[in-house]
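Trainee: Structure for the following, please:
(chains A, B and C)
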Amino acid sequence: MREAGVKKPNGDSYRRIYVVVSRIPRGRVATYGQVAMLAGLHGRARLVGYALNALSEGSGVPWHRVINARGEISERAGEGPAEVLQRLRLERERVRFDDRGRIALDRLRWRPRSSRRKA
DNA sequence: ATGCTGACTATGT
DNA sequence: TACATAGCCAGCA
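Mentor: Here you go, the predicted model:
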């Protein structure tokens, strides 16, 4: 049982995901799993990838701030400019990549107040 | 209905 | 650190 009897239309899931992604501040990143959890979809990280894939260009959703748990940009099927575009957009927000093309998640991961313990 | 695929992750080796 | 597995779930043949 997921959510203990709480009923929720699956179509609503994408919308929730977009809302969460839209909250990620500039210069910060979040992982697919993290977005899923914040959207009330714990354990359904793949769904986040699905939702972002369905996004259109002028959606205004900062999809480029979502990366995988290893701190890398996930590769899409086939080859496309999306991955390169994602890195360029992040670098423009001053997000740095190391030699292996990874981001220092410990340092740049977005920590919303709701999941932040007192300093 | 079944089976496969995919912008994923946690865990074990 | 890297690879293999199992779990995950929507969309499509």
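Trainee: and the host helix or strand of residue A:51, what does it pack onto?
Mentor: Per DSSP states H and E, residue A:51 falls inside helix A:45-53. Packing contacts for helix A:45-53, counted by 3 or more Cβ pairs under 8 Å, 6 or more residues apart in numbering; DSSP states H and E, involve helix A:11-22, helix A:32-38. For the C-beta atoms, the positions are set from N, CA and C on the backbone; glycine is no exception.
Trainee: so which of these comes closest to DNA strand C?
Mentor: helix A:11-22 (6.5 Å; Cβ to the nearest atom of the strand).
Trainee: residues touching the closest residue to residue A:40 other than its chain neighbours, list them.
Mentor: Closest residue to residue A:40 apart from its sequence neighbours, by Cβ to Cβ, 6 or more residues apart in numbering: residue A:16 at 6.4 Å. Contacts for residue A:16 (Cβ atoms under 8 Å, 6 or more residues apart in numbering) come out as A:39-41.
Trainee: before we move on, back to that, pipe the helices and strands packed on helix A:45-53 into a markdown table and attach distance to residue A:105 and mean pLDDT per row.
Mentor: Output for the helices and strands packed on helix A:45-53, formatted as a markdown table (distance: least, Cβ to Cβ, whole Å; pLDDT from 0 to 100):
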| stretch | distance to residue A:105 | mean pLDDT |
| --- | --- | --- |
| helix A:11-22 | 17 | 89 |
| helix A:32-38 | 10 | 94 |
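Trainee: tell me the most buried of these?
Mentor: Comparing the helices and strands packed on helix A:45-53 by mean neighbour count (mean count of other Cβ atoms under 10 Å), helix A:32-38 ranks first with a mean of 22.
Trainee: Mind putting the helices and strands packed on helix A:45-53 into a markdown table with distance to residue A:115?
Mentor: Compiled in a markdown table, these are given as follows (distance: least, Cβ to Cβ, whole Å):
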| stretch | distance to residue A:115 |
| --- | --- |
| helix A:11-22 | 12 |
| helix A:32-38 | 7 |
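Trainee: got JSON lines for these, with distance to DNA strand C too?
Mentor: Below are the helices and strands packed on helix A:45-53 laid out as JSON lines (distance: least, Cβ to the nearest atom of the strand, whole Å):
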{"stretch": "helix A:11-22", "distance to DNA strand C": "6"}
{"stretch": "helix A:32-38", "distance to DNA strand C": "8"}
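Trainee: Thanks again, I'm all set now.
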